[in-house]
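Student: Next input, structure requested:
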Amino acid sequence: MNQDELYINTEWSSDTEEESNRVLGDYLPRDLHGVTRQLAMSSDDHVDGTTRIALGLTPPQLDTVAAFSDPDGKRRGEIDAWAHKQVLRIIRSHCLRGGLPVSGCSTLEELVGVLKTELASGKKSAMPSWYKPSDKQFGPRRIGYYSCACQGCWKSEGPDTEPFPRCAGCMVPHYCSTDCQKADWKARHKHMCKKGKKQR
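Tutor: As a prediction, this is how the structure comes out:
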């Protein structure tokens, strides 16, 4: 899968996640790889609306994820930094699909904080009134929240936001603001918009 396909395929597919987990298994501690595998196996929960509190993760599993984080990057070499990014992406993706508000969370510590808060409350985060789950069974469909597609922006939809608008051309990436849309257009989206429109 090339970079264009990765960008255009913004819906996190189980095939992509399975491949990522297979490769990650070579670089992650066994207990952390177990957490990412558990999330991959429960990805269908988001589709049928049975997402569990804190994605079904236990406090020891959340502690494992938190222990892997290294905000200053002092412990990590190049491979560890890559693995760290993949774990961050997997967990953030599942939080968004599961309806957890993670806007602004750019580190594993912040994501673990959101999950621990939900676990302590004993109930799932409420969905906003504008959220309407898709009734489609197959193909692209809305499951959970979208995050801003602009690189470097960590904002995502949540109970306190309106739904993010999509690119009017290809209807694939979502943006939190016109500033992010303009920045992403200049940086990369203008090269991929036509391809995205053809794939829809």
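Student: what helix or strand does the residue nearest to Asp184 when sequence neighbours are not counted sit in?
Tutor: Spatial nearest neighbour of Asp184, excluding adjacent residues (C-beta to C-beta, 6 or more residues apart in numbering): Cys150 at 4.3 Å. Where you see a C-beta, it was placed from the backbone N, CA and C, and this is true even at glycine. Element membership for Cys150 (DSSP states H and E) is empty, with no helix or strand holding it.
Student: Now do Cys150 against Val65, distance only.
Tutor: 26 Å (C-beta to C-beta, to the nearest Å).
Student: just Trp185 next, same as before
Tutor: 34 Å.
Student: if I pick the residue nearest to Asp184, what's in contact with it?
Tutor: Taking C-beta atoms under 8 Å, 6 or more residues apart in numbering, we find Cys150 in contact with Tyr175, Cys176, Cys180, Gln181, Ala183, Asp184, Ala187.
Student: Same check on Pro101?
Tutor: Val114, Ser125, Tyr145, Ser156, Gly158, Pro159, Asp160.
Student: How about Leu100?
Tutor: When contacts are counted by C-beta under 8 Å, 6+ apart, Leu100 touches Leu55, Val114, Leu115, Glu118, Ser125.
Student: burial count for the fourth one?
Tutor: Glu118 has 20 neighbours, counted by other C-beta atoms under 10 Å.
Student: My reading is that Gln94 lies in a helix. Confirm?
Tutor: Careful, residue 94 is His and not Gln. Yes. Under DSSP: H, G, I helix; E, B strand; the rest coil, His94 falls within a helix.
Student: Go ahead and confirm it touches Gln38.
Tutor: No. Judged on C-beta atoms under 8 Å, His94 makes no contact with Gln38 at a distance of 10.0 Å.
Student: Looking at those two now, which is surrounded by more residues?
Tutor: Using other C-beta under 10 Å, the more surrounded residue of His94 and Gln38 is His94, with 27 against 14.
Student: Helix or strand for the nearest residue to the more buried one once chain neighbours are set aside, just tell me which one.
Tutor: Spatial nearest neighbour of His94, excluding adjacent residues (C-beta to C-beta, 6+ apart): Leu39 at 5.0 Å. According to DSSP H and E, Leu39 maps onto helix 30-41.
Student: That helix: which residues count as buried?
Tutor: Leu32, His33, Val35, Thr36, Arg37, Leu39, Ala40 (16 or more other C-beta atoms under 10 Å).
Student: what's Asp31 in contact with, if anything?
Tutor: Counted by C-beta under 8 Å, 6+ apart, Asp31 has contacts Gln61, Thr64.
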